[in-house]
Structures are given as structure tokens and as C-alpha cells.
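Trainee: Predicted model, plus sequence, below.
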Amino acid sequence: MENGNNQNANGGIGFVGTLTLVFIVLKLCKVITWSWLWVLSPIWISLGLTIVIGIIATIAISVWKAKH
């Protein structure tokens, strides 16, 4: 029996995933002649940004806790 809440929790593939798939298809169809480093760049750039933001947040939290 349903409780009337019919929300779907699927997030989908997202912009980075879509862009990566487009680049892969274009590379495999020989439309672009980029190296695989650049074809997969949306993945490693977003991963790098996430790591940098995480490091900055960790430092900011550590400084804030040291002052309080």
C-alpha cells in the first residue's frame, strides 16, 4: 500500500557524465582527434575541483575550530 508520496530519488547522469559520453562517442566515431586525456577531461577536472574544495573546506574548518 502506498503512502501517497510518489517522489523519485533518481538523480540522472548529470552534466559531467553527459559531456564525457559525448566526447567518447565523438572520439570513437573519429569526429575529434583529441587525446584520451582530453576526452576524459570532464571526469578528472571535476574530480580535481572536488578534491581542492575538500582540502580548502578542511583547512577552513581546522582554522575555525582552532580559534574557538
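Mentor: Cool, the structure landed. Residues are numbered from 1 along each chain as shown.
Trainee: Pretty sure Trp34 sits against Leu28.
Mentor: No. Proximity of Trp34 to Leu28 does not meet the contact threshold set by C-beta atoms under 8 Å, at 11.7 Å. For every residue, glycine as well, the C-beta is placed using N, CA and C.
Trainee: More neighbours: the two, which one.
Mentor: Trp34 (13 against 10; other C-beta atoms under 10 Å).
Trainee: right, and the secondary structure at the more buried one would be what?
Mentor: Look at Trp34: counting by DSSP: H, G, I helix; E, B strand; the rest coil, its state is coil.
Trainee: quick one: contacts for the closest residue in space to it that isn't next to it in sequence?
Mentor: On the basis of C-beta to C-beta, 6 or more residues apart in numbering, the spatially nearest residue to Trp34 that is not a chain neighbour turns out to be Lys27, at 6.5 Å. In this structure, Lys27 makes contact with 34, 36, 39, judged by C-beta atoms under 8 Å, 6 or more residues apart in numbering.
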